[in-house]
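In: Got a predicted model here, sequence first, then my questions.
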2 protein chains.
Amino acid sequence: MAEASVQAPTTWQTVHAAALDRIRSGAWPPGELIPTEVDLAQEFSCARMTVSRALRQLADDGMLDRRRKAGTRVATTPVRRAMLTIPVIRQEVETKGASYRHSLITQEHRIPPNALAARMGLAPGDRLIYLETLHLADGRPHAAETRWINTQAVPGILKAPLDQISANEWLVQNVFYTRGDLALLAEPATKTDAAHLDVREGSALFIVDRLTWIGDQPITAVRLAYPPGHRMTTTL
Amino acid sequence: MAEASVQAPTTWQTVHAAALDRIRSGAWPPGELIPTEVDLAQEFSCARMTVSRALRQLADDGMLDRRRKAGTRVATTPVRRAMLTIPVIRQEVETKGASYRHSLITQEHRIPPNALAARMGLAPGDRLIYLETLHLADGRPHAAETRWINTQAVPGILKAPLDQISANEWLVQNVFYTRGDLALLAEPATKTDAAHLDVREGSALFIVDRLTWIGDQPITAVRLAYPPGHRMTTTL
DNA sequence: TTGAGTAATATGTCTAGACATATTGAGCAA
DNA sequence: TTGCTCAATATGTCTAGACATATTACTCAA
């Protein structure tokens, strides 16, 4: 029941693949101006929008630089961009096949250190919720969390049973942030870290530092400390 | 010369913004099925493709899950994805306003450790180029690089003057990889790290571990060690 | 020579209609 | 009940033409 070979329609994926191939093979070197959408549409016998869709995708992925009138160029620094997914910790643990549990160590109202208050744009003297939580995978320490929450931005948190649902999860489920700053770094374990994670003081910890906002209102500042051996991985 | 207020055309950005607002405000809760493209097109008095463009953008950003026939739902786990840009180290240094320099410490052919050979899928006994490079910002250590290069995949590297141009830069300019695995972690400084970076042995270093491929051929494996205090930052 | 004004041009987007494709769910048969 | 078939449906994509917009390149006057 073989169909006669009909002229297969050109999809944007076809153009995308062809263009990517030309970039990779060096036919279109970095910095080079590539043919216009109209030319490519003619070459591939398709509509200009089809080409546009393909090139936009490549531009989104950082392979091309596009500017009106100026045309489309191959990116000079082939952008090496990595997508890191920042999971809810429960998921992070459970996708490893381990069982998740968390334990609330400290919960109190406290005035944040000046540096943090400044970073969050708070008036001096403003109190925040301060939480210390230990996340466990199969009963073993997975990460130690230190968190400050701005109750003015998230009043609902005051009624949340944070010993049952972690602040991490509660916030993800209840609050959409509009902006977040993320920093990854290494730090030696403090005495507290060492006690929580059951490692020696001064051990090299992997730290995820995050500050999230709704508009210009700070919601929460988190420091997640992972014990030695933890790897945050991704594919480029 | 004020124009009479003409019916402004609805752009996909309008729909995008409106949809995002509904998601954030909770009008479209997580997991909820949102109206179909046809309905939204009617609501916003625009073509279906305009709505489609807007929703596709939101889906790309992880805010929506779309499936044919099943419809479009608000993502239950609002994927928090961070884009990390992995810069060429020269750029990383120069955007800080510092002057870049690198120094080649070791360059030799060597048989890689078994673990690495396995990870790269090499036959036992295959030799690679082994490089130790120190990257300097304003003359001070910025990062210590340990790199293995597969000459079979990149024969051109043999002719590159690696004391003048860093392997990092040479590879970025000359080789397109098709896939890369990236890991971020913390490690205590080895004796070698300590000497290169001028820190105490055992200090908490931020490590970027990368393995890149062309098709199924491994190109290079890199370990970049950053001294304490280094932060890799991004915005979500 | 310089600067202002203008035409040319490549990308960005919208439209309206059409067909493709995956998936669901209903109806029917074993 | 279980499994199969088929119609319904929402998204995915293509087309052809039109207008919008940013930016370059050119022209001409001060």
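Out: Perfect, I can see it now.
In: In stretch A:124-136, which residues are buried?
Out: A:128-136 (16 or more other CB atoms under 10 Å in any protein chain shown). No exception for glycine: its C-beta is placed from N, CA and C like everyone else's.
In: Export it to CSV, keeping only CA atoms.
Out: Presented in CSV, the C-alpha positions along stretch A:124-136 are these (Å, rounded to 0.1, in the frame of the first residue of the first chain):
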residue,chain,number,x,y,z
PRO,A,124,15.4,48.2,60.0
GLY,A,125,13.7,46.4,62.8
ASP,A,126,11.2,44.5,60.6
ARG,A,127,10.7,41.0,61.9
LEU,A,128,10.5,38.0,59.7
ILE,A,129,9.7,34.3,60.3
TYR,A,130,13.0,32.4,60.7
LEU,A,131,13.0,28.7,60.0
GLU,A,132,15.6,26.0,60.2
THR,A,133,14.5,22.8,58.4
LEU,A,134,16.3,19.6,57.8
HIS,A,135,15.3,17.6,54.7
LEU,A,136,15.8,13.9,54.9
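In: From the chain's centroid, how far away is it?
Out: 23 Å (CA atoms, centre = their mean, to the nearest Å).
In: Quick one: mean pLDDT for it?
Out: For stretch A:124-136, the mean pLDDT works out to 90.
In: From the contact counts, what lies against the lowest-mean-pLDDT helix or strand in chain A?
Out: Every helix and strand of chain A was ranked by mean pLDDT, DSSP states H and E. The lowest is strand A:81-86, at a mean of 74. In terms of contacts (3 or more CB pairs under 8 Å, 6 or more residues apart in numbering or on different chains; DSSP states H and E), strand A:81-86 is packed against strand A:231-235, strand B:80-85.
In: In TSV: these, plus mean neighbour count and distance to A:T50.
Out: Compiled in TSV, the helices and strands packed on strand A:81-86 are given as follows (neighbours: other CB atoms under 10 Å in any protein chain shown; distance: least, CB to CB, whole Å):
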stretch	mean neighbour count	distance to A:T50
strand A:231-235	14	28
strand B:80-85	16	27
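In: Helices of chain A, residue ranges please.
Out: Assigned by DSSP state H, the helices in chain A fall at A:12-25, A:37-43, A:48-60, A:89-94, A:114-120, A:167-174, A:191-197.
In: Just send these back as TSV, with mean neighbour count, distance to A:M83 and mean pLDDT too.
Out: Compiled in TSV, the helices of chain A are given as follows (neighbours: other CB atoms under 10 Å in any protein chain shown; distance: least, CB to CB, whole Å; pLDDT from 0 to 100):
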stretch	mean neighbour count	distance to A:M83	mean pLDDT
helix A:12-25	17	18	93
helix A:37-43	15	28	93
helix A:48-60	18	12	95
helix A:89-94	18	16	87
helix A:114-120	14	26	90
helix A:167-174	19	18	82
helix A:191-197	18	28	94
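In: Contact residues of chain A facing DNA strand D?
Out: Applying CB under 7 Å from any atom of the strand, one finds that chain A approaches DNA strand D through A:9-14, A:45-50, A:53, A:67-70.
In: Within reach of DNA strand C, which of those residues are there?
Out: A:48-49, A:67-70.
In: Phi, psi for A:L162 please.
Out: When read as degrees, to the nearest 10, the backbone of A:L162 gives phi -70, psi -10.
In: In contact with the closest residue to it other than its chain neighbours, which residues?
Out: Leaving aside its sequence neighbours, A:L162 sits nearest to A:L104 (CB to CB, 6 or more residues apart in numbering or on different chains; 5.9 Å). Neighbouring residues of A:L104 by CB atoms under 8 Å, 6 or more residues apart in numbering or on different chains: A:131-133, A:162-163, A:166.
In: Now, the residues you listed that are in strands?
Out: In this view, these that belong to strands under DSSP state E are A:131-133.
In: Using a markdown table, lay out those together with distance to DNA strand C.
Out: Converted to a markdown table, those look like this (distance: CB to the nearest atom of the strand, whole Å):
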| residue | distance to DNA strand C |
| --- | --- |
| A:L131 | 39 |
| A:E132 | 42 |
| A:T133 | 37 |
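In: DNA strand D: which of those residues is nearest?
Out: Of all the ones in strands among the contacts of A:L104, A:T133 has the smallest distance to DNA strand D: 37.7 Å, by CB to the nearest atom of the strand.
In: residues in contact with the closest one?
Out: So A:T133 contacts A:102-105, A:144-145, A:147, A:166-168 (CB under 8 Å, 6+ apart).
In: go on, A:A54?
Out: A:A54 neighbours (CB under 8 Å, 6+ apart): A:12-16, A:19.
In: let's go with 10 Å and repeat that
Out: Contact analysis of A:A54 by CB atoms under 10 Å, 6 or more residues apart in numbering or on different chains lists A:10-20, A:37, A:40, A:44, A:46, A:64.
In: Identify, from those, the entry nearest to chain B.
Out: A:L20 (9.4 Å; CB to the nearest CB).
In: wait, doesn't the closest one sit right on A:I34?
Out: No: if you go by CB atoms under 10 Å, A:L20 and A:I34 don't touch, sitting 11.7 Å apart.
In: Give me the common contacts of those two.
Out: A:28, A:58, A:64.
In: any idea how far the first one lies from A:R179?
Out: This means A:W28. 36 Å (CB to CB, to the nearest Å).
In: repeat for A:Q173
Out: 19 Å.
In: go on, A:V154?
Out: Counting by CB to CB, the gap from A:V154 to A:R179 is 15 Å.
In: Looking at those two, which one has more neighbours?
Out: Under the criterion of other CB atoms under 10 Å in any protein chain shown, the comparison of A:V154 against A:R179 puts A:V154 first, with 20 against 14.
In: Give me the pLDDT value at that one.
Out: For A:V154, the predicted pLDDT is 88.
In: Quick check, it in contact with A:W213.
Out: No: contact between A:V154 and A:W213 fails when scored by CB under 10 Å: they sit 11.5 Å apart.
In: before we move on, the earlier item: the least confident helix or strand of chain A: how far from the chain's middle?
Out: 5 Å.
In: and A:A186, how many residues sit next to it?
Out: 28.
In: A:T233: which of the shared contacts of A:L20 and A:I34 is nearest?
Out: A:L58 (25.3 Å; CB to CB).
In: returning to that earlier point: now, which of the shared contacts of A:L20 and A:I34 sits nearest A:A195?
Out: Taking the shared contacts of A:L20 and A:I34 together and measuring to A:A195 by CB to CB, the closest member is A:L58, at 50.3 Å.
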